[in-house]
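Enquirer: sequence isn't available, so here's the structure alone:
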């Protein structure tokens, strides 16, 4: 009897280990309340499993979390709520964040290179000294965002709303900021 339980337990553990990576990459449903779906420790554990590939955080509510200095790499954050989050020194290189809410988030000195931020909300976000090299901010809302010292080399801004509330309609991929108001606070 003991031997059969031991074999059953081992089989159960092996099955769990086999499906664990699949479970980690399933989208997490939001609860519809204002509390985050995951905490910092849970996100760090998920990132440790797939450090180079990124993780799927599509539609997850991470509002107000302190996620500073984390490397999300090529994670999918599309539709996620990161409003009011602390994302200082975060790395989102090659990430996908379509229709993601970064409103009032602190992205100071974040590395956001080659990321896709189509239709993302950056209203009143702190992007001071952030690196957005070759990022795609098409149709993003940057109203009130602080871009002081941000690096936007070859950033795509077609259809984006700039910090002064005016639309950017010159998709030259050279990022001309002659008509952009950048706060000097």
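Expert: Alright, I've got the coordinates. Treat the numbers as computed from the prediction; the structure is a model and nothing was measured.
Enquirer: now for the residue most central in space within the chain: which residues touch it?
Expert: Central residue check for the chain by C-alpha atoms, centre = their mean: the C-alpha nearest the mean position is that of residue 77, 4.9 Å away. Counting by C-beta atoms under 8 Å, 6 or more residues apart in numbering, residue 77 makes contact with 57, 58, 60, 92, 95, 96, 97, 100. Using the backbone N, CA and C atoms, a C-beta is placed for each residue, glycine as well.
Enquirer: in contact with the first one, which residues?
Expert: What it means is residue 57. Taking C-beta under 8 Å, 6+ apart as the criterion, residue 57 is in contact with 28, 38, 43, 75, 76, 77, 80.
Enquirer: repeat that for 6 Å
Expert: 75, 77, 80 (C-beta atoms under 6 Å, 6 or more residues apart in numbering).
Enquirer: just give me the neighbour total for the residue nearest to the second one when sequence neighbours are not counted.
Expert: Once its chain neighbours are removed from consideration, residue 77 has its nearest residue in residue 97; the separation is 4.3 Å (C-beta to C-beta, 6 or more residues apart in numbering). Residues lying near residue 97 (other C-beta atoms under 10 Å) number 28.
Enquirer: give me the buried positions along stretch 35-50.
Expert: Of the residues in stretch 35-50, those buried by neighbour count under the rule 16 or more other C-beta atoms under 10 Å are 36, 37, 38, 43, 46, 47, 50.
Enquirer: for the fourth one, helix, strand, or coil?
Expert: In three-state terms, and counting by DSSP: H, G, I helix; E, B strand; the rest coil, residue 43 is helix.
Enquirer: pLDDT value on it, please?
Expert: pLDDT, residue 43: 92.
Enquirer: by mean pLDDT, flag the weakest helix or strand of the chain.
Expert: Ranked by mean pLDDT, DSSP states H and E, the helix or strand of the chain with the weakest confidence is helix 2-24, at a mean of 50.
Enquirer: of the buried residues of stretch 35-50, which belong to helices?
Expert: In this view, the buried residues of stretch 35-50 that belong to helices under DSSP state H are 43, 46, 47.
Enquirer: in the chain, which spans are helices?
Expert: Using DSSP H, the helices of the chain run over residues 2-24, 40-49.
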